[in-house]
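K.L.:
output the structure for:
(2 chains)
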Amino acid sequence: MSIYYSVQDLIETAERENKKISQIVLKDQAAELQKPESVLYKNMRESFLVMHQSVSDGISPDMRSVSGLSGGSAYKMNLAVENGKTLCGKVFGRALVRALAVSESNACMGKIVAAPTAGSCGILPAALLTVMEDRGLNERDVVMSLFTASAFGMVIANNASISGAQGGCQAECGSASAMAAAALTELAGGTPRMAAHACAIALKNILGLVCDPVAGLVEIPCIKRNAMGVANAFVGAELALAGIESAIPADEVIVAMKRIGDMMPGSLKETAEGGLAGTPTAKRLKKQIFGE
Amino acid sequence: MNVFDIVGPVMIGPSSSHTAGAVRIGRIAGALLEGEPVRAHILLHGSFAKTYRGHGTDKALVAGIMGMAPSDIRIRQSLEIAKERGLDVVFGKTELEGAHPNTVVITLKDAKGRTVKVQGASVGGGNILISEINGMKVEVTGQQDTLLVLHRDVPGVIAHVTNYIAAQGVNIGNFKLTRSRRGETAMMTIEMDGEFSRESNEGIEKLPNVIRSIILRPE
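P.N.:
As a prediction, the model looks like this:
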């Protein structure tokens, strides 16, 4: 159990056994759940296929959420990418499209994989499916990288939180972004130690982010924060792959996130009272939806 | 916790706590009722009461009561499906002292007039905690195969049940006993490490002084 309580233990175990983090995690989880590795792989592949599907579901032009607050952003972003109108090229543009698509699919009661939560469900699929397409990676490696992402997510959940109500958005989109950064690093051929730095860098960049959903719904600002989350995952992975290290180790960053979350007032932890949820426009939208 | 708690569950959006967790609470209530539900009275507390429409919590709870899983695409139409099946649903709001912000109290009735009342909370990430069943305090998370054994509060019943489980080669991960009043009825909540078959559960129901045994499984 210790490898999911400390990033340090996780990478040391991988280094000692000279394996990828994903291989260590799959083996350990098979033992823990008393199931063959092939069954766990199959389960994870099913989640991967749902991720794929929710991207396709979310690009539709006429998607609207129950509240009417969201839908259609992924479609617009996709048009911009197709027409070559993006500043950062197609790969980054497609990552944004996917993050928006999965998040909008979620807002519209579509089928998604919580990763680690529904509110942050667009980040991991966007990161992984985008590099998979761009680099022509095989499916097996990408599915395996979800085990790596999960391991980092478990360390965060065990030492801090992955819930916006407990730790703010840093705990949801922050965790997803850090998990994705680590998985991207492994997929691009980085070492376990680089994956840990990628996780640390991504999480550091998002520390302090509050959870302030308009009208309490997983729509504004959650959908666009998923786009930010995938961008930040690429920042963490690119820096780490270039050999840049996080001065503060991942484990300490995670503890810092926990402390920040504890200090955050309740009004900024998914209660829809403070932050963006407290703005005049948010109040007007809330009234429009709930009539109160 | 395992990897599928982090990457997972596969679910219908928009909220793991307000949608997926709500389905799970509904499922347990539905599983506890002996017959098909014809009436559901659903009282919402806290954040559930404030935001249930925007999150589809109402649809999620009703879908769960009808036995759907959090990944069932029919959740979107569950209120219409309930109508077709002759399930009458009434929603209300309540304030429960000290309860988790995402708490619901579900009372179900079947065609024979049998009822079940369940209080549960969605505690984050789609995880739930059932805190009361028919007025008895319990702690059911539904993460493992869980047995709920209603029995007469007399000596030896727990030994019979746990010996029977041991004979099936299944390890008990957690055990809790709740009594309505000494010497009357009691309920064992038993979480298993492995899978517990339907046949094994039927064996438990045949043990002396066991009134009813229900097995709850993660979807």
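
K.L.:
which residues does the nearest residue to B:D72 once chain neighbours are set aside contact?
P.N.:
Closest residue to B:D72 apart from its sequence neighbours, by C-beta to C-beta, 6 or more residues apart in numbering or on different chains: B:A63 at 6.3 Å. Every C-beta, even on glycine, is put in place using the N, C-alpha and C of the backbone. If a contact means C-beta atoms under 8 Å, 6 or more residues apart in numbering or on different chains, then B:A63 has B:V23, B:G26, B:D72, B:R74, B:I75, B:S78, B:I81 as its contacts.

K.L.:
any idea which element B:A63 lies in?
P.N.:
Using DSSP states H and E, B:A63 sits within helix B:57-65.

K.L.:
and whatever helix or strand comes next after that helix, does that touch chain A?
P.N.:
Reading on from helix B:57-65 to the C-terminus, the next helix or strand found by DSSP H and E is helix B:78-84. No: Helix B:78-84 does not reach chain A (C-beta under 8 Å from any C-beta of the partner chain); its nearest approach is 10.5 Å.

K.L.:
which strands and helices sit next to helix B:78-84?
P.N.:
Secondary-structure packing of helix B:78-84 (3 or more C-beta pairs under 8 Å, 6 or more residues apart in numbering or on different chains; DSSP states H and E): helix B:57-65.

K.L.:
pull the number of nearby residues for residue 89.
P.N.:
Using chain A. Counted by other C-beta atoms under 10 Å in any protein chain shown, the residues lying close to A:G89 total 10.

K.L.:
ah, no, chain B please
P.N.:
Residues near B:V89, counting by other C-beta under 10 Å, number 17.

K.L.:
quick check: phi and psi at the closest residue to A:L268 other than its chain neighbours.
P.N.:
Distances taken as C-beta to C-beta, 6+ apart place A:V210 nearest to A:L268, at 3.8 Å, with adjacent residues excluded. Here is the backbone geometry of A:V210 (degrees, to the nearest 10): phi -90, psi 160.

K.L.:
cool, A:M264 as well?
P.N.:
A:M264 has phi and psi values of phi -70, psi 130 when expressed as degrees, to the nearest 10.

K.L.:
tell me who's in contact with it.
P.N.:
Contact analysis of A:M264 by C-beta under 8 Å, 6+ apart lists A:G167, A:G168, A:V210.

K.L.:
may I see those arranged in TSV, with neighbour count and pLDDT as well?
P.N.:
Below are the contacts of A:M264 laid out as TSV (neighbours: other C-beta atoms under 10 Å in any protein chain shown; pLDDT from 0 to 100):
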residue	neighbour count	pLDDT
A:G167	27	94
A:G168	29	95
A:V210	22	98
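
K.L.:
show me where pLDDT drops low in chain B?
P.N.:
Within chain B, no stretch falls below the threshold (pLDDT under 70).

K.L.:
host element of the residue nearest to the spatial centre of it?
P.N.:
Centroid-nearest residue in chain B: B:I28, 2.3 Å away (criterion: C-alpha atoms, centre = their mean). B:I28 is part of helix B:21-32 when elements are defined by DSSP H and E.

K.L.:
now swap in B:T107 and tell me
P.N.:
strand B:102-110.

K.L.:
wait, a helix at A:L276?
P.N.:
Yes: if the criterion is DSSP: H, G, I helix; E, B strand; the rest coil, then A:L276 is within a helix.

K.L.:
in contact with the closest residue to it other than its chain neighbours, which residues?
P.N.:
Closest residue in space to A:L276, ignoring its immediate chain neighbours: A:D212 at 4.6 Å, by C-beta to C-beta, 6+ apart. Counting by C-beta under 8 Å, 6+ apart, A:D212 touches A:C169, A:P221, A:L268, A:A272, A:G274, A:G275, A:L276, A:A277, A:G278.

K.L.:
buried subset of those?
P.N.:
The neighbour-count test (16 or more other C-beta atoms under 10 Å in any protein chain shown) marks A:C169, A:P221, A:L268, A:A272, A:G274, A:G275, A:L276, A:A277 as buried among the contacts of A:D212.

K.L.:
for those residues, give me JSON lines that also has pLDDT.
P.N.:
Listed next are the buried ones among the contacts of A:D212 as JSON lines, based on pLDDT from 0 to 100:
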{"residue": "A:C169", "pLDDT": "97"}
{"residue": "A:P221", "pLDDT": "98"}
{"residue": "A:L268", "pLDDT": "95"}
{"residue": "A:A272", "pLDDT": "88"}
{"residue": "A:G274", "pLDDT": "95"}
{"residue": "A:G275", "pLDDT": "97"}
{"residue": "A:L276", "pLDDT": "98"}
{"residue": "A:A277", "pLDDT": "96"}
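
K.L.:
closest to chain B out of those?
P.N.:
The shortest gap between chain B and any of the buried ones among the contacts of A:D212 belongs to A:A272, at 7.5 Å (C-beta to the nearest C-beta).

K.L.:
alright, I will stop here.
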